[in-house]
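Pasting a predicted model and its sequence here:
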Amino acid sequence: MINKNLVIIGGGPAGLAAAKSAYDAGERDIVILERQSELGGILNQCIHNGFGLHTFKEELTGPEYASRYIVEVQKRGIEYKLDTTVLSISNSKVVTAVNETDGLIKYQAKAVIVACGCRERPRGGINVAGSRCAGIFSAGTAQKLINIDGYMPGKEVVILGSGDIGLIMARRMTFEGAKVKAVVELMPYSSGLNRNIVQCLKDFDIPLLFSHTVVDIKGEGRVSSVVIAQVDEKLNPIMSTAQEIKCDTLLLSIGLVPEKELAEKAGVKVSPVTGGAVVDEGMMTSVEGIFECGNVLHVHDLVDFVSKESEDAGASAVRYIQQGIMPDGKVSIVGEDGVRYVVPQYLSKSARLDKLQLKMRVSNVFKNKRLVAEIDGEEVLSKKKQIVTPGEMESIVLTGEQIKRIQKGDRLTLRLKD
Amino acid sequence: MKDIIIIGGGIIGCAVARELCRYQVNVTLLERRGDVSLGTTKANSGIVHAGFDAKPNTLKAKFNLLGNAMFDELAKHLDFPFKRNGAFVLCFDKDELDGLKGLYDRGVANGVEGLELIDGDKARQLEPYISDKVVGALYAKTSGIVSPYEMCIAYAENAALNGCEFLFNKEVVDISKDGNKWKVSAKDGSEYFADTVINCAGVHADDINNMVCEEKFKIVARKGEYMLYDKSCGNLANRTIFQMPSKMGKGILVAPTTHGNLITGPTANDVDDKESLFTTYDGLGEVHTKSLLSVPSLNKRFVITQFSGLRAHSQGGDFIIGESSQKGFYNVAGIESPGLTSAPAIGVHVADEVADMLSLSKKENFKETRKGIPHFATMTDKEREALIKINPLYGKIVCKCEVVTEGEIVDSINRPVGAKDVDGVKLRTRAGMGKCQSGFCMEKVMEIIARERGVAFDEVQKCDGGKIVFGKAKGTDRGAL
C-alpha cells in the first residue's frame, strides 16, 4: 500500500486541470492515473479547432489545448502513471490500479478526485432494430479510427443523433472524401452546439432531419442501407413515412453518459438526472474525500468549462486534505420549471466564498424567459434569456453577498419564468 | 482408421465431435462460417431446462432430463460458465392455476425432480421484483443458466485438443457416394471423404439431409428476438422467470445471465430467410411489453444490446436423431429448445451409436478436461498479481467495462480453434460486451488481432464478411501521425 495525499483518476482535461490547481494550492503528494498511453484524454482525437476560446482567448485544436495543461503538469513535476487502469475505489479511499510494469498498485489516499470522463451511449440504449453487421459505430469510435489510426470507417454515411461529436464527424468524414447523406435527429431540436450545426452541416449542405429516427438497419456482413422515418409527438416512428437510404456506415451520436461506475461502487450517491455524483460547492461527493469533476460529474459542451470546474475541485480537495470538513448544514440546490438539473446540488452553510458558479441544463427549447434563482421562495437573482436549449449548458454566477443570503436558507431553486 | 465428417460447428456438432474423439477415428468438422457457435448456439436464452415442458415420451423429454443432469460435471471438466439458479413459471390468472398444475404433473411424468408449486406471496418473497399480479408459480429447482457460446467453444477446444480437425468457411454444397465412402463437396471446391457423415447443420439440416435422402424433411427457421440489460439490472431476477403459456401466447422470459446481465425474450416468428438475423421494431416492442408483465420495473434505458436467433424447428416437433435410410448418413436435426440442455446427452448418444456402427474402440489418451482463458475480472488480487508476474499482458486492461486484459485477448486468438476477428475475441473474452459495447476497445482489439495474426489493420473484420474500415484516410501516413 502506497500512501498518497491526492490520487487523481484520469489524465484528460479534468484530471490535468485538477492536478495543476491542487499543486498550486500547495499540495505536492499527487499522482494522476491514466489508462491510455498518453495524457490528454479524449482531446487527443479531437483534432478540430474551437477549443480554448474562454480559457486562453484563442482558438486551439484538442491536442493543442491538452498540451497546454500537460506542459503545466510536467513543469510542476507532478507524478503520473500511463497505461494504468483503476479497478476500484473503496469508501475508505483505497484506490486499486493495474498496469504491466507494476502489476497491482494500491494507494491509500487522503483525497481522491474522480475525473474519468464519459462514454458514448451505445445502440442498445435506444433500441434501434435491424442487422448487427459491421459498419455501425459510435461517432467517437469512428473519430478515433480516422484521427488516431488513420483509417476510413466508411464511405457513405448516415449519422443518427445530432450530438456534437456526430456533427464534428459529419464534417470530418466529408473532408476525407466520404459522402454524409443525412444527419437524423429524434428530437425537434439538436443536442449539439449551434455553431457546430452551422460550421459542420450547413456549410457542407448536409441535411439535418429533425423529428426523425432510424427504424431499421440492413446489411449482411456490412451495412448496406438504413431505413429512417419521421416520429410523432410521443417520439414513436410513423412507419408510413419510412424511406431507405443506401449507405455503408451508420454513426451514432446519441448521447454521452458519465462513467459513474467506479465512484458509485465506492458508495458515492449518483444523480439519476446527470448520471454523475451529487456534489457540494467544492465538488465533494456524498463520500467524504471523494471528489468528481468534468464529464464524469455531468456532460459538458465545452472543455473550457471542464477545466474551470476541475481547477475548483483540485483546490477544494487540497482544502479538505489540510482542514477536513466542518460539521455543517447544507442548502440544497434544485432545478424546477424547465431547469432539468443544477450542479452543484448542495451548498455548505459555512463555506466562505466570494463567488459560486451554478451550471444547469434546461429540458426543452424556451424563448424569452428569465432564469431565476430563489431562496425559500424569494428571488435572489434573475437573468434574461432570449433562448435556451438543452444542447447548451447555462450558468449563473452568484456573488459573495448573494451566497451569504442563500446560506441562511435551506433550498435554492433555479427555474425559468416569463 | 475410419473417417467421420461432422457438418456444422454449433453446440451439437461440437458436442458430437468431442464425444467422438474418445474413439480411435479421424474426425473432421466442416463449418460454413468463420467460427464455431455462430448460428442458433450464439443467440438463444442460455437456459438449462429442468424438463417439465417437453411432452412425455419424446426425444426432447428424454435428452432434456439426461442432459440437465450432466451439466455440473461437464462445466467443471470443460471450464465454462454454468449456474443452477432455478426457475419460476409465473401464473397471472387464478383460472389458469390448473394449467400450472398440469405443467407440474408433466414434469413429474418426465421424471423431473425438485418441482414445487408455490403461491404468489412465496414467489415474491423469493423474487422480490416480480409482479404483484402473480397468483402462483411452478418452482423448478434443477433449472440452470449457461453461457451457450462459451460452452460450444469449450467443446470445440477440447475436441481439437483430442485430435478433431476444424475447417471453416466450408459450406457443404453436395454429398454423394464415392465407392464405399461419402464424398462431401464444399462451395470452395474442396472435397472430403468419410465413412460416416453426421448432419448437425442446424437451420440448414434439411438442405443437407435432402441432398442425400429420399425421405425429405423441412426445418423451419423460427426467429427469437432478445434484449440484454447491463449489469446494474442483473439483480432484478435471481432465477429464470418464465411466464405460463396462455391464451396470450407462449410468454417471454426474464433471466440473469452467467455473467450478471439480464436477458429478456424471445419472440417466436417463422421466417423464410434462414440468414434473417436482424431484430425488428415490432419484435423488440413485444419483448419489452411482455417482459414487463413479469418484472414491471424493467427500464429500457438500461438495455445495452438486442439480438435475434433462429430456432431449427422440425415440422414433426421432435428432435430427429439417428441414422437415415442411407447407411452411414446420420441426422441430428430439429434441435430446438431444449436443444442446448440436451446437447451433452445428444453428443454422447450420437457418438456411441456411430462408434457402434463403425465398431470403433476407445482411445486410451483422451483428455477429459479443458482449461478456459483465465478471467482477470473474477480473480482475487493475489491471483491477479501472480498472473501478471508470469505474463505482464494480464496487467494491461483493454476492455475496461468488462475488465478484460490484453493477456486474455492474445490467449483467445492463439489457442486451438482461436478467435480470428473482433466478434471471435468478444465471444471468448467478453471484450466489447459491456456498457459501452466496444466503443472504447474495438480499435485496440483490432490492433491486437492484426499483430497476433500477422494481417493488416484494415483486414481485421467484425465477423466473417464484415469489414470494419476501408483503407487509409486521405493523405494520412500512419507512421507520421
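Yep, that arrived.

tell me which element residue 74 is part of?
No chain specified, so I'll use chain A. Per DSSP states H and E: residue A:74 is located in helix A:62-75.

Correction: the question concerned chain B.
helix B:59-78.

about what we covered before: how far off centre is the helix holding residue A:74?
Mean C-alpha position of helix A:62-75 versus that of the full chain (Cα atoms, centre = their mean, to the nearest Å) differs by 19 Å.

about what we covered before: give me the packing partners of the helix holding residue B:74, helices and strands only.
Here helix B:59-78 touches strand B:47-48, strand B:82-83, helix B:97-110, strand B:144-146, helix B:148-161, helix B:339-357, going by 3 or more Cβ pairs under 8 Å, 6 or more residues apart in numbering or on different chains; DSSP states H and E. Every residue, glycine included, has its C-beta placed from N, CA and C.

Stretch B:246-264 vs chain A: in contact?
No. Contact of stretch B:246-264 with chain A (Cβ under 8 Å from any Cβ of the partner chain) is absent, the minimum separation being 11.0 Å.

Let me know the secondary structure of the residue nearest to residue A:34 when sequence neighbours are not counted.
Among residues not flanking residue A:34 along the chain, residue A:11 sits closest, at 3.2 Å (Cβ to Cβ, 6 or more residues apart in numbering or on different chains). Secondary structure, DSSP: H, G, I helix; E, B strand; the rest coil: residue A:11 is coil.

any idea how far residue A:11 is from residue A:82?
7 Å (Cβ to Cβ, to the nearest Å).

Over to residue A:278?
In this view, residue A:278 and residue A:82 are 31 Å apart by Cβ to Cβ.

Please identify which of residue A:11 and residue A:82 sits among more neighbours.
Under the neighbour definition other Cβ atoms under 10 Å in any protein chain shown, residue A:11 and residue A:82 were set side by side, and residue A:11 has more, 28 against 14.

my guess is that one contacts residue A:43, does it?
No. Using Cβ atoms under 8 Å, residue A:11 is not in contact with residue A:43; the gap is 10.6 Å.

residue contacts, residue A:267?
Contacts for residue A:267 (Cβ atoms under 8 Å, 6 or more residues apart in numbering or on different chains) come out as A:91, A:286, A:287.

Regarding it, what is its secondary structure?
State at residue A:267, reduced to three classes by three-state DSSP: coil.

May I have the predicted confidence score for it?
Confidence at residue A:267, expressed as pLDDT, is 97.

circling back to that earlier point, chain center to the helix holding residue B:74, what's the gap?
Distance, centroid of helix B:59-78 to centroid of chain: 14 Å (Cα atoms, centre = their mean).

what's the closest of the helices and strands packed on helix B:59-78 to residue A:108?
Proximity to residue A:108 (Cβ to Cβ) singles out strand B:82-83 among the helices and strands packed on helix B:59-78, at 35.6 Å.

contacts for the following helix or strand past the closest one?
The helix or strand immediately downstream of strand B:82-83 is strand B:87-91, counting by DSSP H and E. With contacts defined as Cβ under 8 Å, 6+ apart, strand B:87-91 is touched by B:47, B:49-50, B:97, B:99-100, B:103, B:123, B:126-127, B:130-131, B:134-140, B:143, B:239-244, B:255, B:294.

7 Å instead?
Under the criterion Cβ atoms under 7 Å, 6 or more residues apart in numbering or on different chains, residues B:50, B:97, B:100, B:103, B:123, B:127, B:130, B:134-140, B:143, B:239-244, B:294 lie in contact with strand B:87-91.

Go ahead and build a PyMOL selection from the buried members of the residues you listed.
Buried members of those can be picked out in PyMOL with the line below, counting by 16 or more other Cβ atoms under 10 Å in any protein chain shown:
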select buried, chain B and resi 50+100+103+123+127+130+134+135+136+137+138+139+140+143+239+240+241+242+243+244+294
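
The contacts of strand B:87-91 in helices, which ones?
Among the contacts of strand B:87-91, DSSP state H puts B:97, B:100, B:103, B:123, B:294 in helices.

Looking at the second one now. What's its pLDDT?
Put plainly, it is residue B:100. 96.

Wait, residue A:371 touches residue A:413, no?
No. When contacts are counted by Cβ atoms under 7 Å, residue A:371 is not listed as touching residue A:413 (11.4 Å).

Who has more neighbours out of those two?
Using other Cβ under 10 Å as the criterion, residue A:371 and residue A:413 rank with residue A:371 on top: 23 against 19.

re earlier: save the contacts of residue A:267 as CSV, and put in neighbour count and distance to residue B:186 too.
Output for the contacts of residue A:267, formatted as CSV (neighbours: other Cβ atoms under 10 Å in any protein chain shown; distance: Cβ to Cβ, whole Å):
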residue, neighbour count, distance to residue B:186
A:91, 13, 59
A:286, 17, 62
A:287, 19, 61
